[in-house]
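Engineer: I would like the atomic coordinates for the input below:
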Amino acid sequence: MQVHERLINLLFQTLLSHVRKGRFLIDGTERNIEIFRTERLGNTLRVMFYLNDYHGHVTYAALLDNQGEILVDGPTNFYKEHTGFMYVFDIPITVEGGGA
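Structural biologist: Purely as a prediction, here's the structure:
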């Protein structure tokens, strides 16, 4: 069975229509941060967050949908300085059983 580019485009569009914000745990405080930018790199959706307004130890990151439900999450471990910092979620869309 052949998966066509149209289906992959629809998957990306649908995913983008539901992704709303990021949630980060910075120095023990939950922070909701708006999406800075999204882009498609081949079969990967990249969702970027600019963590400019906060600094401290970042121990958790999550990507939330338009209802506040978690789509992707996990622990992190880095220290965010006073200068800007870009956090990126890369979400691959893998086609099995036929290519686009």
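
Engineer: can you name the next helix or strand after the lowest-mean-pLDDT helix or strand in the chain?
Structural biologist: Scoring the helices and strands of the chain by mean pLDDT, DSSP states H and E places helix 5-18 at the bottom, with a mean of 90. Downstream of helix 5-18, the first helix or strand assigned by DSSP states H and E is strand 19-26.

Engineer: how close does residue 4 get to residue 16?
Structural biologist: Taking C-beta to C-beta, to the nearest Å as the measure, residue 4 falls 19 Å from residue 16. (Glycine included, C-beta is placed from N, CA and C.)

Engineer: one more: residue 29?
Structural biologist: For residue 29 relative to residue 16 (C-beta to C-beta), the value is 28 Å.

Engineer: between the two, point out the one with more neighbours.
Structural biologist: residue 16 (13 against 9; other C-beta atoms under 10 Å).

Engineer: thought the more buried one was touching residue 38?
Structural biologist: Yes. Counting by C-beta atoms under 8 Å, residue 16 does reach residue 38; the two are 6.1 Å apart.

Engineer: what is in contact with these two at once?
Structural biologist: Shared contacts of residue 16 and residue 38, defined by C-beta atoms under 8 Å, 6 or more residues apart in numbering, comprise residue 45.
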